[in-house]
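*Asks:* only the shape, not the letters, is given here:
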């Protein structure tokens, strides 16, 4: 693929979260930091929406609409998020990327702002992507049965991954990997093979030893994509399926889960 669409975010002090078409795709912790992520699988031909959330509250967002809390900026704060068209092999720092959209937020020292603060931008993209399945997934009727299914699925994935076995996760993510292959013009088998290699490397290094299954109390299920998908989080707002190694010699990994439930089965679509 000659060109890639990337979301590049630079933040100062406050934590920020970036959403694309109703899906959270990136979260930066408090403190000055920057991150770049390719986002083909979240974009669609025609109308798109980018959303910047400054100072998000994981627990409130997971439970429902967050309540805004007034806050004073302890020093000048600034966030910039740009959707870039970047030639393959080039870096954002090269300065050759084309800016497709940009969101900016700032607060002067001592200025009051709401936490969270939400900034949206609409844009049209003449891309030739297929219609992704998650865009047309039915809204989930989410009750105790669906919650139990989601919890059992994440617990099973944790158990299997801790033993170096990604088969269950791969099976539930078949549609996701099919669409990722279309989004980036990469064979689906290559993407699945990359996951297998990652899990095997983590298992051999014993980095999967602290892959702790969530409990009913620690698993947060956040509706996203207008209720068409459910995102699985822990109490810190991080992916529920993640390692928790304190040893700096061991790598950590996380596998975000945005899933749907149909006919009593769990499918990971993103």
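*Replies:* That came through fine. Not measured: the values here are computed from a predicted model.
*Asks:* just give me the neighbour total for residue 46.
*Replies:* 10 (other CB atoms under 10 Å). For glycine as for every other residue, the C-beta is placed from the backbone atoms N, C-alpha and C.
*Asks:* same thing with residue 91?
*Replies:* Count around residue 91 with other CB under 10 Å applied: 11.
*Asks:* go on, the one 10 residues further on?
*Replies:* Around residue 101 sit 17 other residues, with neighbours defined as other CB under 10 Å.
*Asks:* surely it touches residue 50?
*Replies:* Yes: counting by CB atoms under 8 Å, residue 101 touches residue 50, with 5.8 Å between them.
*Asks:* spit out the residues that contact these two alike.
*Replies:* Common contacts of residue 101 and residue 50 (CB atoms under 8 Å, 6 or more residues apart in numbering): 83, 121, 123.
*Asks:* got the phi/psi numbers for the last one?
*Replies:* Geometry field for residue 123 lists phi and psi as phi -150, psi 150, criterion degrees, to the nearest 10.
*Asks:* how about it, what does it touch?
*Replies:* Residue 123 touches 47-50, 83, 100-101, counting by CB under 8 Å, 6+ apart.
*Asks:* whichever of these end up buried, select them in PyMOL.
*Replies:* Buried members of the contacts of residue 123, defined by 16 or more other CB atoms under 10 Å, are picked up in PyMOL with:
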select buried, resi 48+50+83+100+101
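*Asks:* of the contacts of residue 123, which belong to strands?
*Replies:* 47-50, 83, 100-101 (DSSP state E).
*Asks:* mind putting the residues you listed into CSV with distance to residue 34 and pLDDT?
*Replies:* What follows is these, written out as CSV (distance: CB to CB, whole Å; pLDDT from 0 to 100):
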residue, distance to residue 34, pLDDT
47, 28, 96
48, 22, 97
49, 22, 97
50, 17, 97
83, 15, 96
100, 18, 95
101, 17, 95
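*Asks:* which among those residues gets closest to residue 74?
*Replies:* Distance to residue 74, by CB to CB, is smallest for residue 50 among the ones in strands among the contacts of residue 123, at 27.0 Å.
*Asks:* ok, the contacts of residue 123 vs residue 25, which is closest?
*Replies:* Distances from residue 25 to the contacts of residue 123, taken by CB to CB, are shortest for residue 50, at 9.8 Å.
*Asks:* so the closest one makes contact with residue 23?
*Replies:* No: using CB under 8 Å, residue 50 is not in contact with residue 23; the gap is 11.1 Å.
*Asks:* so what's the residue lying farthest from the centre of the chain closest to, chain neighbours aside?
*Replies:* Going by CA atoms, centre = their mean, the residue of the chain most distant from its centre is residue 110, 31.8 Å out. Distance criterion CB to CB, 6 or more residues apart in numbering; nearest residue to residue 110, sequence neighbours excluded, is residue 72 at 6.0 Å.
*Asks:* OK, contacts around that neighbour?
*Replies:* Residue 72 touches 110-112, counting by CB under 8 Å, 6+ apart.
*Asks:* can I get these in JSON lines with pLDDT?
*Replies:* Below are the contacts of residue 72 laid out as JSON lines (pLDDT from 0 to 100):
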{"residue": "110", "pLDDT": "93"}
{"residue": "111", "pLDDT": "94"}
{"residue": "112", "pLDDT": "94"}
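*Asks:* after the lowest-mean-pLDDT helix or strand in the chain comes which helix or strand?
*Replies:* Ranked by mean pLDDT, DSSP states H and E, the helix or strand of the chain with the weakest confidence is helix 58-63, at a mean of 50. The helix or strand immediately downstream of helix 58-63 is strand 69-72, counting by DSSP states H and E.
*Asks:* count the neighbours of residue 255 for me.
*Replies:* 22.
*Asks:* sorry, wrong one. I was asking about residue 141.
*Replies:* By other CB under 10 Å, neighbour count at residue 141 equals 9.
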